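Engineer: dropping a prediction and its sequence here:
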Amino acid sequence: MELQIKNLTKEFKDMKAVNHVSFTMDRGVYGLLGVNGAGKTTLMRMICTLLNPTSGTILWGGRDIFSMGEEYRRVIGYLPQDFGYYPEFTPEDYLRYISALKGIKPVAAKRRIEDLLRQVGLENVRKKKIKKFSGGMKRRLGIAQAMLNRPRLLILDEPTSGLDPKERIRFRNLISELAEEGIILLSTHIVSDVESIANEILFMREGQIIDSGSPAELIEGISRRVKVWECVMGKQEAEIYRKRYCVSNLKIEAEGARLRILSEVQPCPQAVQSPLSLEDAFLYYFGEKAGEEHVQV
Ligand SMILES: Nc1ncnc2c1ncn2[C@@H]1O[C@H](COP(=O)(O)OP(=O)(O)OP(=O)(O)O)[C@@H](O)[C@H]1O
């Protein structure tokens, strides 16, 4: 079964938060990458039927999702950016409560909750109150609630925000496991969160999908337009280069500042060409904004 997004637009007053977006998802993990305000949440909320598009269509198996009602809700699982939980609940109570809301019968829910607690690694804290959970544990619980109805389409909005590096690794492993069960669309502004697990990446900027493909395809495409150079220079000189070029990394070493520069031509005589990474590709599209919350694991 596939989800087709055709010419989708969402306008808020006179601004287009999502601007004529089209793409199709059939299987695996799709990483929606963009800086804050790119339109990721708006796009995801429309896919979840929580927001009506201004124009365009979303089809599941060729049918308009907005006319499918309950049938579509059975297909989809959603983890919103700020998912509400009840601090005094245990994960078991919480999942039982959400199961009831989703209309899952108690016997089936019991089995499913057992499986999910194990799958997201919360079986040992099943009796602990959620208020005592770390950010990573809460996110994993959030994924479990989105998975209760065995969705074939799982939408995760910024699922890694607030996670520490160890939790990020654990999260990536969990997503790879879940991907075997259907389609996962996850949004993030952190390249390393999706680089190793996404089959396809969609770069979103100012409401539009500006490029898409597998990480290798994206790297190859952008490599034809820009090169990456590495060079070492004095700190003062490095400041000048930083203003003049798109610098994807600056590291102070014993012999000076090591710069990673994106440029079509060799920026200085000592610069040596280096293979382009997905992180560089992100920077190529998003420039300065991309570095605002740069996280490396
Ligand atoms: N209900 C709304 N009314 C007016 N403008 C909105 C509304 N929701 C979103 N926007 C605007 O639409 C644009 C896209 O927002 P959106 O939340 O979809 O981006 P995002 O990529 O998810 O960013 P973030 O990660 O910060 O949530 C932003 O400029 C935002 O201010």
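Structural biologist: Cool, the structure landed.
Engineer: helix or strand with the lowest mean pLDDT in the chain?
Structural biologist: Sorted by mean pLDDT, DSSP states H and E, the helices and strands of the chain end with helix 165-178, the least confident at a mean of 82.
Engineer: what's the mean pLDDT across the helix or strand just after that helix?
Structural biologist: Using DSSP states H and E, the helix or strand that follows helix 165-178 towards the C-terminus is strand 183-188. Averaged over strand 183-188, pLDDT sits at 94.
Engineer: what strands flank strand 183-188, and is each parallel or antiparallel?
Structural biologist: When pairing is defined by DSSP bridges, strand 183-188 lines up against strand 28-33 (parallel), strand 153-157 (parallel).
Engineer: need the ones you listed in CSV with mean pLDDT, distance to the ligand and mean neighbour count, can you?
Structural biologist: All C-beta atoms are positioned from the backbone trio N, CA, C, and that covers glycine. Compiled in CSV, the strands paired with strand 183-188 are given as follows (pLDDT from 0 to 100; distance: least, C-beta to the nearest ligand atom, whole Å; neighbours: other C-beta atoms under 10 Å):
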stretch, mean pLDDT, distance to the ligand, mean neighbour count
strand 28-33, 95, 8, 24
strand 153-157, 94, 7, 24
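Engineer: can you list the buried residues in the least confident helix or strand of the chain?
Structural biologist: Within helix 165-178, the residues scored as buried using 16 or more other C-beta atoms under 10 Å are 167-168, 170-172, 174-175, 178.
Engineer: what of stretch 64-73?
Structural biologist: 65, 68, 72-73.
Engineer: ok, stretch 272-288 next?
Structural biologist: Judged by neighbour count (16+ other C-beta under 10 Å), stretch 272-288 contains these buried residues: 276-286.
Engineer: might you report the residue contacts of the nearest residue to residue 123 once chain neighbours are set aside?
Structural biologist: Excluding the flanking residues, the one nearest residue 123 by C-beta to C-beta, 6 or more residues apart in numbering is residue 117, at 4.5 Å. Going by C-beta atoms under 8 Å, 6 or more residues apart in numbering, residue 117 touches 91-92, 95, 123, 126, 144.
Engineer: confirm that residue 117 sits in a helix.
Structural biologist: Yes. Under DSSP: H, G, I helix; E, B strand; the rest coil, residue 117 sits within a helix.
Engineer: hang on, the earlier thing: contacts for the least confident helix or strand of the chain next, please.
Structural biologist: In contact with helix 165-178 (C-beta under 8 Å, 6+ apart) are residues 29, 119-121, 134-136, 139-140, 143, 147, 154, 156, 159-160, 163, 184, 186, 192-193, 196-197, 295, 297.
Engineer: filter these to the buried ones?
Structural biologist: Among those, those buried by neighbour count (16+ other C-beta under 10 Å) are 29, 119-120, 136, 139-140, 143, 147, 154, 156, 159-160, 163, 184, 186, 192-193, 197, 297.
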